[in-house]
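Visitor: Here's a sequence, model it:
(chains A and B)
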Amino acid sequence: MDESRPGAEANHGYGTGRIQRLPADPRPRWRSQLAALDQNARRMHGRSFASLSRADQQAMLRTALAEDRDETLPPPLAARHIAVAMLAHFYDSPAATDLCYEANIGRQLCRPLSAASQQPVPLTRRAQ
Amino acid sequence: MTALVRQGRAEVIESDICIIGSGITAALVAEKLTEERQARIVVVEAGDETVPLAERPAHRARFVAYGENPWGTDHIDGMTAEGIQSRSMQVGGLAMHWGGVTPRFSPEDFRVKSLFGVGDDWPVSYEELDPFYQEVEERIGVAGEQGPADMDPRGKPFPMPALPLTYNLERLKRWTEESGIAMWSQPSSKNSVPYRGRAVCCRNDTCSPICPVGAKYSPDFTWEKLRATKQVELLSRTLVRRLIVDDRSNRIVRAEAVRRGRGGQAGTPVHFRARTFVVAAGYAWSPHLLLLSRSSRFPNGVANRSGMVGKYMTGHRNVFAFVRLPVRLYPGINEQHSLVTKQFMRVGKTDRYVRHDLRVWESSVGRRPRLRDDGGAVLLGDELLADWRRRTTEGTARVRAYYDVLPDRESALTLDGAATNAYGDPRPKLTFRDSPESAALRGHTEDAIKALFQRMAKAGNGEVIRSGTDDFQDHPGGGCRMGNDPATSVVDSFGRTHEHENLFVVGAPTSVTGGCANGTLTFLAVALRQATAIGREFPARRS
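Guide: Numbering: from 1, shown residues only, chains lettered A, B, ... in the order given. Below you'll find the model as predicted:
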């Protein structure tokens, strides 16, 4: 994330000559959202957000995301809320795809061409 | 190698053959000319140098992580056009980030007028082009599987074995067979084995826009070889603005260009003198240059006495669908590879004209992780993963059919009187238009393709989740179309303009129609046939 270049030229869309740019730097907004989560945690529970139980953290996040009506996960840099950005970052990863399918697919990783015809090998319990 | 003199303010560069543009057509034509002829060749490219292979893994990583354009300065500010489909302008051209998909046209694509009474025939046949198709496939390296001979005729085997069908595509192939459709591995310019010093495909899934290992052909590989052996001189950042015709004949005597300045500095003029000029600047910038080259003797531009320059811009449209199938697939095994068939490229004697290809890919549409469930509740943590797993027990197939659009005469590139580039030249403006007969067939064609998708879904006990039509015309070409009649074409079948004996146009602009498949392999085959004619006036190279 620290190596991102806000406003850099985005990959060209297919079939268009329009040059698109990456979103403006979301980090100031995300920092204020983290601060707001922490302030609310202290106000409601008397403790920092990080020290809350998972259930309490998720309840606060659901409240914070109530206004965000997106159904799909956006590209991380385009996420309006830091929580959505983190979800999007993880769930866009090859590791997350493997976790979902419980198989070693290795999407977007360099893999032997000869193995393409084989059904992806199941993840070991340990790897999951 | 080339002579350089100074004349007034302008630098003058002399050569035997001046090629304008450095995209995929220019690369292959230059390579063939250097093999067959003794000639000094200069290549002029408006854009910058491209990203070297060694730097591509890092550029790809930033594309994957952040969505950045992995090609750096691959276009020129202000060099754009209304209706243009890509801004790519760099050494290697658009094929630096092409998908590497290389089907041949079908024999019928070249004879739609003769066979079906629509559109126009090409002045070359599939049979004449077969050896040149083979030559392209060998030069760039195409991995392919021979389809059924009656649908997919070819004189020799592919130079490389096909890319293997993935586990997903094998399952999908069984489905299409249940639908009565014979499909096979899509020919691709991606290495299935090491080829001419380039690596094997490693399925990194980002062929388009960027292959990090060089398994996909791109024109920079050819330029690197030709430049290293000093067989061509390639000047980047040099924009050709005009072709100048001799006062006493119709020969082109020079190309006037400007070396682009840096940091907003004005460019310096440079003139290219040559015995032969080859315009290889793609479907937009080739006709644009001819139109810009107007003078008192040629008020409509060069090679344009017939008014055909910029006309009959071609392409094809596609109808697509996503089909839910009761089959477990694993998206991401090699997601840009597909199945293809040419089964629908023929028209029965009593049928109304509908011709299209058909491709099938694995897809993750409808199977991606999501933030909210069907009831609108936010999904977090294990809930999100459980929801995702629940929705991936079945698979999705992406199906797509390109159908040919017969171009209208006024499907045209013109000079835009309202917009100029940094040098004061009018920009091109592109308006694609179906011919009346093609427009009348559009609804019938799209309905027929959608009905096919429904039949396929039913055969697999699935359903069409979503379907639609992309409204733009893909794989554009035309604007300098070839033909035997100077009244209805710009160049002959060897790329020579009807009016200027030493001016050739090669590549996509010479296409007569867009066919039902990506046109790259076809216009390259035509260009290699043309290269022999271009070189004919120069001494043969002794082997």
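Visitor: residue ranges of the helices in chain A, please?
Guide: Along chain A, the stretches classed as helices by DSSP state H are A:27-45, A:54-64, A:82-91, A:94-101.
Visitor: hmm, the second one touching chain B?
Guide: Yes - applying Cβ under 8 Å from any Cβ of the partner chain, one finds helix A:54-64 in contact with chain B at A:54, A:58, A:61, A:62. (Glycine included, C-beta is placed from N, CA and C.)
Visitor: give me the low-pLDDT residue ranges for chain A?
Guide: A:1, A:125-128 (pLDDT under 70).
Visitor: Centroid-nearest residue for it?
Guide: Note on chain A: the residue nearest the mean C-alpha position is residue A:88, at 2.1 Å, using Cα atoms, centre = their mean.
Visitor: Tell me how far that residue lies from residue A:20.
Guide: 18 Å (Cβ to Cβ, to the nearest Å).
Visitor: swap in residue B:50?
Guide: For residue B:50, the distance to residue A:20 equals 20 Å [Cβ to Cβ].
Visitor: Repeat that for residue B:285.
Guide: 22 Å.
Visitor: can you check residue B:48 too?
Guide: Counting by Cβ to Cβ - residue B:48 and residue A:20 are separated by 20 Å.
Visitor: So for the two, which residue has more residues nearby?
Guide: residue B:48 (18 against 12; other Cβ atoms under 10 Å in any protein chain shown).
Visitor: separation between residue B:351 and chain A?
Guide: Residue B:351 is 30 Å from chain A, where distance means Cβ to the nearest Cβ, to the nearest Å.
Visitor: neighbours of that residue, just the number please.
Guide: Residue B:351, neighbours per other Cβ under 10 Å, totals 10.
Visitor: can you pull the contacts of it?
Guide: For residue B:351, the contact set (Cβ atoms under 8 Å, 6 or more residues apart in numbering or on different chains) is empty.
Visitor: Just the element for it, please.
Guide: For residue B:351, there is no enclosing helix or strand under DSSP states H and E.
Visitor: gap between the residue nearest to the centre of chain A and chain B?
Guide: To chain B, residue A:88 is 8 Å away according to Cβ to the nearest Cβ.
Visitor: one step back: out of the helices of chain A, which comes closest to residue B:444?
Guide: helix A:94-101 (40.6 Å; Cβ to Cβ).
Visitor: got any ranges where chain B has weak pLDDT?
Guide: In chain B (pLDDT under 70), the answer is B:1-8, B:264, B:543.
Visitor: Just the closest residue of chain A to chain B, please.
Guide: Per Cβ to the nearest Cβ, residue A:107 is where chain A lies closest to chain B, at 2.9 Å.
Visitor: Next up, the contacts around that residue.
Guide: A:94, A:97, A:98, B:205, B:331, B:332, B:335.
Visitor: next one: residue B:136
Guide: Neighbouring residues of residue B:136 by Cβ under 8 Å, 6+ apart: B:28, B:102, B:142, B:521, B:524, B:525, B:528.
Visitor: For residue A:12, which of the helices of chain A is the nearest?
Guide: For the helices of chain A, proximity to residue A:12 was assessed by Cβ to Cβ; helix A:82-91 is nearest, at 21.9 Å.
Visitor: on contacts alone, who are the packing partners of that closest one?
Guide: Applying 3 or more Cβ pairs under 8 Å, 6 or more residues apart in numbering or on different chains; DSSP states H and E, we find helix A:82-91 packed against helix A:27-45, helix B:382-390.
Visitor: Tell me which of those helices lies nearest to residue B:246.
Guide: helix A:27-45 (61.8 Å).
Visitor: and the angle from the closest one to helix A:54-64?
Guide: With axes from the mean of the first three to the mean of the last three Cα atoms, to 10 degrees defining the directions, helix A:27-45 sits at 120 degrees from helix A:54-64.
Visitor: Buried residues of helix A:27-45, list them for me.
Guide: A:30, A:33, A:37, A:38, A:41 (16 or more other Cβ atoms under 10 Å in any protein chain shown).
Visitor: cool, and stretch B:314-330?
Guide: B:314-325, B:327, B:329-330.
Visitor: ok so, going back, so who does the residue nearest to the centre of chain A touch?
Guide: Residues in contact with residue A:88, defined by Cβ under 8 Å, 6+ apart, are A:73, A:74, A:75, A:76, A:79.
Visitor: what's the closest of those to residue B:14?
Guide: For the contacts of residue A:88, the residue nearest residue B:14 by Cβ to Cβ is residue A:75; the value is 50.8 Å.
Visitor: burial of the closest one, as a residue count?
Guide: Neighbours around residue A:75, by other Cβ under 10 Å: 15.
Visitor: Now do the contacts for the spatially closest residue to it that is not a sequence neighbour.
Guide: Leaving out its chain neighbours, the residue that sits closest to residue A:75 by Cβ to Cβ, 6 or more residues apart in numbering or on different chains is residue B:67, at 5.8 Å. Contacts for residue B:67 (Cβ under 8 Å, 6+ apart) come out as A:10, A:11, A:22, A:75, A:77.
Visitor: Can you name the residue of chain B nearest chain A?
Guide: With Cβ to the nearest Cβ as the measure, residue B:332 is the residue of chain B nearest to chain A, at 2.9 Å.
Visitor: just checking, that residue touches residue B:205?
Guide: Yes - between residue B:332 and residue B:205 there is a contact at 6.5 Å, judged by Cβ atoms under 8 Å.
Visitor: shared neighbours, those two?
Guide: Shared contacts of residue B:332 and residue B:205, counting by Cβ under 8 Å, 6+ apart, come down to A:107, A:108.
Visitor: Look up phi and psi at residue 67.
Guide: No chain specified, so I'll use chain A. The phi/psi pair for residue A:67 (degrees, to the nearest 10) reads phi -80, psi -20.
Visitor: hmm, I had chain B in mind actually
Guide: According to degrees, to the nearest 10, residue B:67 has phi 80, psi 20.
Visitor: cool, and residue B:214?
Guide: phi 80, psi 20.
Visitor: Test my guess that it contacts residue B:198.
Guide: Yes - between residue B:214 and residue B:198 there is a contact under Cβ under 8 Å: 4.9 Å.
Visitor: how much space between the residue nearest to residue A:36 when sequence neighbours are not counted and residue A:26?
Guide: Nearest residue to residue A:36 in three dimensions, chain neighbours excluded: residue A:64, at 7.6 Å (Cβ to Cβ, 6+ apart). Using Cβ to Cβ, residue A:64 is found at 15 Å from residue A:26.
Visitor: for residue B:536, same thing?
Guide: 60 Å.
Visitor: next one: residue A:92
Guide: 16 Å.
Visitor: on that earlier part again, residues touching the residue nearest to residue A:36, list them.
Guide: Each residue near residue A:64 by Cβ under 8 Å, 6+ apart is listed here: A:33, A:36, A:37, A:81, A:83.
Visitor: so who does the third one touch?
Guide: With contacts defined as Cβ under 8 Å, 6+ apart, the neighbours of residue A:37 are A:49, A:60, A:61, A:64.
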